[in-house]
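[1] next input, structure requested:
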Amino acid sequence: MRYERELERSSPHAPTMNHEEIGHPFLAVHRSMGERIHALLKSNEVLHSHISPVEHGDDFIAFPLRSVDFSELLKNEISAITNQPLRLIKRTPYVMEKVDPHERIQEVVEHWLKQLAPNEALADQGAFLDTLPYKWERLGELVLFPSGSFGQNILTETSKEEQHNLWGAIASALNATSVGIQSPIAKDRVRSSQAVLLHGSSHVNFIDHGIHYEFDACKVMFSSGNVTERRRIGSMDMTGETIVDAYAGVGYYSFPMLINAGAEHVHACEMNPPSIDGLLRGAEANGIADKITVYPGDNQNSLSQLKGIADRCHLGLLPSSEAVWGMCLQALKTKGGWLHVHMNVKEEEIGDWKANTIHQFQSLSDTMGLGFSIRGDHLERVKWYAPHVRHVVFDVECRPYES
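    Down below sits the predicted model:
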C-alpha cells in the first residue's frame, strides 16, 4: 500500500523539522472524517490521549499517535474510509494535562506494576486494580482515600521501597504532596481521626471557602462533606452576638460564625489537645484570635462557667449532643436565643425526632425554671451519615414566655 509522510512546522514560532526524527507522529485526515477516524484510533488504542490534536491547514485535522507501527489491517481500514493513502506528519506535541484524576491514578499504578521486580509482583494484579479508589477527600496538599482503597496485598507482597515509590507517584498524579487512607472515626470521646499516612506529612494547612484551617489530619477529624452546613451557618446574621460552641473542634463552625456571620465573640469548648492546637493556629491565621476564647477539657465543666452569656449555642457533636442540652439552655441570656442541634436520625423518624426534641428542651427549661418557650424552626438535612440515617441540624428558638 502507498504510505505518505510529510514533514511540517508545528507553528510559525516552532523550530523547523528537517528530518523524520524531529516531532511527534500525527495522522492528518479531512475534517469531515475527523470524528469517525478519531473513534477508530481510540478503539484500537492507537490514539495518544494525552497529546492534543492539531489543525493541519484549513481543511485537515491531525490526531496524535502512540506509534506509527500499528497493524496493516487498521492502516487499510483508515485508507478505505478516507479514500487516500495514510497522511502522516510530524509536529511538536502539546501534552495535555490529564483531566480525569481517576485515569491519572490508573496510569501511574499500571506503570508501577510493570516496573516491579518478578519476586515482588502482586499475585493478582487484576484484583489490586479493582481496589483503586473512585473518590477521596482533599485537605490542602493531603489526599485521603477511603478505607479499603488499594486492598491489603500490597502491604504484604511488596517492599517498603516499592510502596514508597507508588504512594509518591500517586501523590504527584493528583498534584498533592501527601496521601493517606481514612479509617472509621475512633469511638472515643473526641471522635479522633484514625487516618493512616502513606506518604508525606499529615499536617495540613489550607483555605476552605475563604477560611483558613490548620491541623494534623491523622489526629483530628475534618469532614469536607459538611461544607454546606458551614456555608449555611456562616450566612446567618449574627452581628454582635456572643456564641457558645460546645464542640468547637478545629473551628469548623466557630470560624464561619465569626468571619462570615459577624459574631462578636465565640466561647469555644474543646477537649481534644490536637484539635485545640488546630483551633488556636486557625484563629491566629484568620486574624480572629482576639474574638475566640478556648476552654480546654470536658465541656461538662466549661459550660458551667458560661451561664447566661450566649445569644446562641452550637451543639455540633455526632451522633448526639444530648448530654449537654440542659447546660446549653442555661448558657443562653435571659432574653433567650438559638440552639443549633446536630444529630444523626433515621430518615423515617425525623418528624418524630423534631417533636421529641422540642418537648425535651421545653421540659428541661421548665424544670430548671428558665422560663423559655421552645419553638422548632428550620431543619437542615446536611448529608447521609449511613444508609437511611441523616446528619441533620435543627435550629431551635428559645424565648421568654410572653407575659
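
[2] so where is the stretch 301-403 of the chain shaky, pLDDT-wise?
    403 (pLDDT under 70).

[3] quick one: the helices in it?
    For the stretch 301-403 of the chain, the helices defined by DSSP state H, counting those that start in this stretch occupy 325-331, 350-368.

[4] would you list those in a markdown table and tack on distance to Asp216?
    For every residue, glycine as well, the C-beta is placed using N, CA and C. Formatted as a markdown table, the entries for the helices of the stretch 301-403 of the chain read as follows, by distance: least, CB to CB, whole Å:
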| stretch | distance to Asp216 |
| --- | --- |
| helix 325-331 | 28 |
| helix 350-368 | 34 |
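
[5] which of the ones you listed is buried the deepest?
    Ranked by mean neighbour count, the helices of the stretch 301-403 of the chain are led by helix 325-331 with a mean of 22 (mean count of other CB atoms under 10 Å).

[6] tell me the contacts of the nearest residue to Met33 once chain neighbours are set aside?
    Computed as CB to CB, 6 or more residues apart in numbering, the closest residue to Met33 that is not its neighbour in sequence is Thr82, at 5.5 Å. Thr82 makes contacts with Val29, His30, Met33, Ile37, as judged by CB atoms under 8 Å, 6 or more residues apart in numbering.

[7] what are the bridge partners for the first one, then?
    In other words, Val29. Val29 has the following beta-bridge partners by DSSP bridges: Ile61.

[8] need the contact list for the residue lying closest to Leu303 once chain neighbours are set aside.
    Closest residue to Leu303 apart from its sequence neighbours, by CB to CB, 6+ apart: Met327 at 4.1 Å. If a contact means CB under 8 Å, 6+ apart, then Met327 has Asn299, Gln300, Leu303, Ser304 as its contacts.

[9] going by neighbour count, list what's buried in stretch 76-92.
    Ile78, Ser79, Thr82, Leu86, Arg87, Leu88, Ile89, Lys90, Arg91 (16 or more other CB atoms under 10 Å).

[10] please disregard the earlier target; I meant stretch 300-315.
    Within stretch 300-315, judged by 16+ other CB under 10 Å, the buried ones are Ser302, Leu303, Leu306, Ala310, Asp311, Arg312, Cys313, His314, Leu315.

[11] what's the first-to-last distance across it?
    Distances were taken as CA to CA, to the nearest Å; on that basis the terminal residues of stretch 300-315 are 13 Å apart.

[12] what does that stretch contact?
    For stretch 300-315, the external contacting residues (CB under 8 Å, 6+ apart) are 233, 238, 241-247, 253-254, 257, 267, 269, 295-296, 321, 323-325, 327-328, 330-334, 337-342.

[13] ok, which pair from the buried residues of stretch 76-92 is furthest apart?
    Set against one another by CB to CB, the buried residues of stretch 76-92 have their most distant pair in Ser79 and Arg91, with a gap of 20.9 Å.

[14] picking that back up, distance to Val389 for the buried residues of stretch 300-315 - can I get that in TSV?
    Conversion of the buried residues of stretch 300-315 to TSV gives the following (distance: CB to CB, whole Å):
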residue	distance to Val389
Ser302	29
Leu303	27
Leu306	31
Ala310	29
Asp311	31
Arg312	26
Cys313	24
His314	21
Leu315	18
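
[15] just the ones of these in strands?
    Under the assignment DSSP state E, these contribute Arg312, Cys313, His314, Leu315 to strands.

[16] those: which two are farthest apart?
    Maximum pairwise distance in these, criterion CB to CB, is 10.2 Å, between Arg312 and Leu315.

[17] re earlier: adding distance to Pro273, write the contacts of Met327 out as TSV.
    Rendered in TSV, the data for the contacts of Met327 read as follows (distance: CB to CB, whole Å):
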residue	distance to Pro273
Asn299	15
Gln300	17
Leu303	19
Ser304	21
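
[18] which one of the residues you listed is nearest Ser365?
    Leu303 (15.8 Å).

[19] what separation is there between the residue nearest to Leu303 and Gly369?
    To Gly369, Met327 is 15 Å away according to CB to CB, to the nearest Å.

[20] now swap in Gly336 and tell me
    Applying CB to CB, the value for Gly336 to Gly369 is 14 Å.

[21] tell me, how many residues neighbour Asn299?
    Burial of Asn299 is recorded as 25 neighbouring residues (other CB atoms under 10 Å).

[22] use 45 as the first number for this chain going forward.
    Shifting the count to begin at 45 puts that one at Asn343.

[23] now do the contacts for it.
    If you count contacts by CB under 8 Å, 6+ apart, then Asn343 has Ala290, Tyr291, Cys313, Glu314, Met315, Val368, Met371 around it.
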